[in-house]
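Trainee: Build me a model from this:
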Amino acid sequence: RAKGAVTKELRQFHDRDVFDPVDANSLSEEQKQEAMKLLMLLKEKRDDTLKGRGCADGRKQIGKYKKEDITSPTAANESVLLTSAIDAKERREVAVVDIPGAFLSTDQDEDVWVVFEGTLAELMVLTAPEIYSKYVTVNRKGKKILYVKLKKALYGCLRSSLLFYRKLAADLTKMGFKINFYDPCVANKMVRGKQLTVVWHVDDLKVSHVDEKVVTRFIQMLEKKYGKLSKSRGKYHDYLGMFLYFRTDGVVKVDMQKYVSDTCDMFPEELDCQVMSPAGEHLRDVNSEAPRLSEEKGQLFHTLVARTLFCSKRARPDLQTAVAFLCTRVQQPDVDDWKKLRRMLSFMKATKDDVLTLSMDN
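Mentor: Sure thing, here's the model as predicted:
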């Protein structure tokens, strides 16, 4: 199963012309040192099939670039919520679109080398023996090696997200969209006297317009550029870890009930569902003599605080005061912080069915 999943992913790389095989003798020692290993990650899906995801081991690129040369904009959470409220107010048709293999549609703009080792090199050769076999060499350890030059952006490379952002923003601009001044991941275009809005986070797009035919036409234009898209239409959408409901006119509900339940289930102790608020008056009191948590408990504390931070910025703003304090304690949490976390999680469990409801006036 694993070999089949890997072969399918490598076949996609070949079909999309991602790699250009390189003679190892033509590379300098420095270039060979810069070459990133290709990693293959396997994930078992709900139907028991395995999906392979090939990516570069980008650790070799750390320190090579300035921060501004690798940082890609992503939609602000406020932009997602505000545009969703506008969608509800104007009763727009909403679609959520995912661009599969988005980076593989983006041209590389510098020399980047990747090396296949061992079984991965053998499987890559099998996708097109007439192209790759003559470039395979054997290293000192007897392991087969295949060097390739990247022609497309690849997951794992530090600049891939930025390269894709530039491509998508340029494509939208060519279509007549105007990039928002305050958020570079929001774009608008007037179509039939009404606003067509696109919000995107890397390769996940939310599209809306009052006329569903306009949304359909936009998706068709995207498919001409990026191939078959994964999309959802209608009144219910799973977007960036949130479930957005547009079933009530003029209102959008932001639901993270399952995420909240999963977070509470991770806590190893019994939670008190009678708690009436996420924090007590003693929230900010710190006892310098309180015993520190064990390393294992401290890591779990950090994980749970991070999960609640993610949730509080989206569907559960009522948690933000408690979360804000607990975020200051993740480096050296003590037993008192553990109790405060337990109280907040108890409140979350008691109110797990709460959802954020947004609406606006004119």
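Trainee: so where's the chain uncertain?
Mentor: Counting by pLDDT under 70, the chain contains no low-confidence residues.
Trainee: Which residue ranges of it form helices?
Mentor: 2-15, 29-34, 77-89, 119-127, 129-132, 160-174, 212-226, 257-265, 295-312, 320-327, 335-350 (DSSP state H).
Trainee: helices or strands up against the second one?
Mentor: With contacts defined as 3 or more Cβ pairs under 8 Å, 6 or more residues apart in numbering; DSSP states H and E, helix 29-34 has these neighbours: strand 113-117. C-beta: built from backbone N, CA, C; applies to glycine.
Trainee: from what I can see Leu10 touches Ala121, true?
Mentor: No. With contacts defined as Cβ atoms under 8 Å, Leu10 does not count as touching Ala121, sitting 10.3 Å away.
Trainee: Quick check: the residue in the chain sticking out farthest from the centre vs Val335, distance?
Mentor: No residue in the chain sits farther from the centre than Glu289, which is 40.2 Å out by Cα atoms, centre = their mean. As for Glu289, its distance to Val335 is 11 Å (criterion: Cβ to Cβ, to the nearest Å).
Trainee: Please apply the same query to His282.
Mentor: The spacing between His282 and Val335, counted by Cβ to Cβ, is 13 Å.
Trainee: go on, Gln108?
Mentor: For Gln108, the distance to Val335 (Cβ to Cβ) stands at 51 Å.
Trainee: Show the contacting residues for Cys327.
Mentor: By Cβ atoms under 8 Å, 6 or more residues apart in numbering, the residues touching Cys327 are 305, 309.
Trainee: Who are the contact partners of Val96?
Mentor: Taking Cβ under 8 Å, 6+ apart, one finds 204-207, 231-232, 237-239 in contact with Val96.
Trainee: Selecting buried members of those in PyMOL, what would you type?
Mentor: PyMOL command restricting the contacts of Val96 to the buried ones, with burial defined by 16 or more other Cβ atoms under 10 Å:
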select buried, resi 204+205+206+207+231+237+239
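Trainee: which one of the contacts of Val96 is nearest Ala350?
Mentor: Asp238 (25.2 Å; Cβ to Cβ).
Trainee: Distance check, that closest one against Val254.
Mentor: Separation of Asp238 from Val254 (Cβ to Cβ) stands at 12 Å.
Trainee: tell me, what's touching the two both at once?
Mentor: Taking Cβ under 8 Å, 6+ apart as the contact rule, the neighbours common to Asp238 and Val254 are Leu244.
Trainee: more crowded one of Gln108 and Val335?
Mentor: Gln108 (19 against 12; other Cβ atoms under 10 Å).
Trainee: nearest spatial neighbour of that one, skipping sequence neighbours?
Mentor: Closest residue to Gln108 apart from its sequence neighbours, by Cβ to Cβ, 6 or more residues apart in numbering: Leu150 at 4.8 Å.
Trainee: Surely the one you found touches Trp113?
Mentor: Yes. The criterion here is Cβ under 8 Å, and Leu150 meets it with Trp113 at 7.2 Å.
Trainee: wait, Ala153 sits on Arg166?
Mentor: No. Applying Cβ under 8 Å as the test, Ala153 and Arg166 come out as separate, 10.2 Å apart.
Trainee: So the two - more neighbours on which side?
Mentor: Per other Cβ under 10 Å, whichever of Ala153 and Arg166 has more neighbours is Ala153, with 25 against 15.
Trainee: gap between that one and Ala102?
Mentor: Distance check for Ala153 against Ala102: by Cβ to Cβ, it reads 9 Å.
Trainee: cool, and Met190?
Mentor: In this structure, Met190 and Ala102 are 27 Å apart, going by Cβ to Cβ.
Trainee: quick one: which of those two has more around it?
Mentor: With other Cβ under 10 Å as the criterion, Met190 and Ala102 differ in neighbour count, and Ala102 comes out ahead with 21 against 11.
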